[in-house]
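A.B. asks: Generate a structure from the sequence data that follows.
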Amino acid sequence: MLLIIIAISIVFVKFFLTLHGIDIEKSKFPVTGIDISKHNGDIDWPEVKNHGIDFVFIKATEGVSYIDPHFETNYKGAKEQSIPVSAYHFYRFNRNGNDQAKIFIKNAHLKSLDLPPVVDVEEWGNPIGNNSITDIVKEIKSFIVDVEKISLKPVIIYTNESSYKKFIKNNFPNNEIWICSFVKKGPKLDRKWKFWQYSHKGTISGINGLVDMNTFNGSRKEWEEYIKP
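C.D. replies: Coordinates of the predicted model:
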């Protein structure tokens, strides 16, 4: 009976961590960032700055027609507070990569971003349909090529561990990885990651409700080198 209780407890703990994210060792990962979209509502950017946030990824577009209605306000608000900014595009597997690049390029201020632009590649709420993995990877590559021609920076790929294995592994060696993982000791990939989303349940000054929390893979000195123009 005791073993059953222990087993149930372990399952519950794993579920809790998956649902809420984890706390990380700030001595090891001292740089803290957030990612946001319209779902975070109106944001008090001076308060976010005072909270000590080092960077922000802001949703700009999705698919071939969606523009996040809060993108411009969030972009300007973060810029005014001198918080390093990137923009991301949620990639739709059932849409053409070139067409998705067009809306992102048109709306994401690629040449004014402080950090490289991001493509969000994940299966959650994103049906594959009749597309093969090979075809999807090909279209993502087309998206990245088009965006990099304008940004002049290698696109960062945001993904989770399962989508990494399915779409990204062995296919994008020149693109940095921003990985979502709720493993206490950090993501375990076959290559070094640059950013880590470790929680969907953060709370910070200036944002009502919960916010996604991220960190940079390096020291503060390495971060300062990374964000140099």
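
A.B. asks: what about H89, helix or strand, and which?
C.D. replies: strand 85-90 (DSSP states H and E).

A.B. asks: Skip ahead from the helix or strand of the chain with the lowest mean pLDDT and say which helix or strand is next.
C.D. replies: Of all helical and strand segments in the chain, the minimum by mean pLDDT, DSSP states H and E falls on helix 2-20, at a mean of 43. Going down the chain from helix 2-20, the next helix or strand is strand 32-36, by DSSP H and E.

A.B. asks: Output the contacting helices and strands for the helix or strand just after the strand holding H89.
C.D. replies: As assigned by DSSP H and E, the chain's next helix or strand after strand 85-90 is helix 97-107. Contacts defined by 3 or more Cβ pairs under 8 Å, 6 or more residues apart in numbering; DSSP states H and E place helix 97-107 against strand 55-62, strand 66-67, strand 85-90, helix 133-151. All C-beta atoms are positioned from the backbone trio N, CA, C, and that covers glycine.

A.B. asks: can you give me the mean pLDDT across the second one?
C.D. replies: Confidence over strand 66-67 (mean pLDDT, whole number) is 98.

A.B. asks: same deal with the first one?
C.D. replies: Strand 55-62 shows an average pLDDT of 98 in the prediction.

A.B. asks: Sheet-wise, list the partners of it with their directions.
C.D. replies: Taking DSSP bridges as the criterion, strand 55-62 sits next to strand 32-36 (parallel), strand 66-67 (antiparallel), strand 85-90 (parallel) in its sheet.

A.B. asks: Deepest-packed of those, please.
C.D. replies: Comparing these by mean neighbour count (mean count of other Cβ atoms under 10 Å), strand 85-90 ranks first with a mean of 25.

A.B. asks: Only alpha carbons, please: show that strand as PDB.
C.D. replies: Extracted C-alpha coordinates of strand 85-90, given in PDB (Å, rounded to 0.1, in the frame of the first residue of the first chain):
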ATOM      1  CA  VAL A  85      13.200  42.800 -27.600                       C
ATOM      2  CA  SER A  86      12.600  40.000 -30.000                       C
ATOM      3  CA  ALA A  87       9.500  39.200 -32.000                       C
ATOM      4  CA  TYR A  88       8.100  35.700 -32.700                       C
ATOM      5  CA  HIS A  89       5.900  34.100 -35.300                       C
ATOM      6  CA  PHE A  90       3.700  31.100 -34.400                       C
END
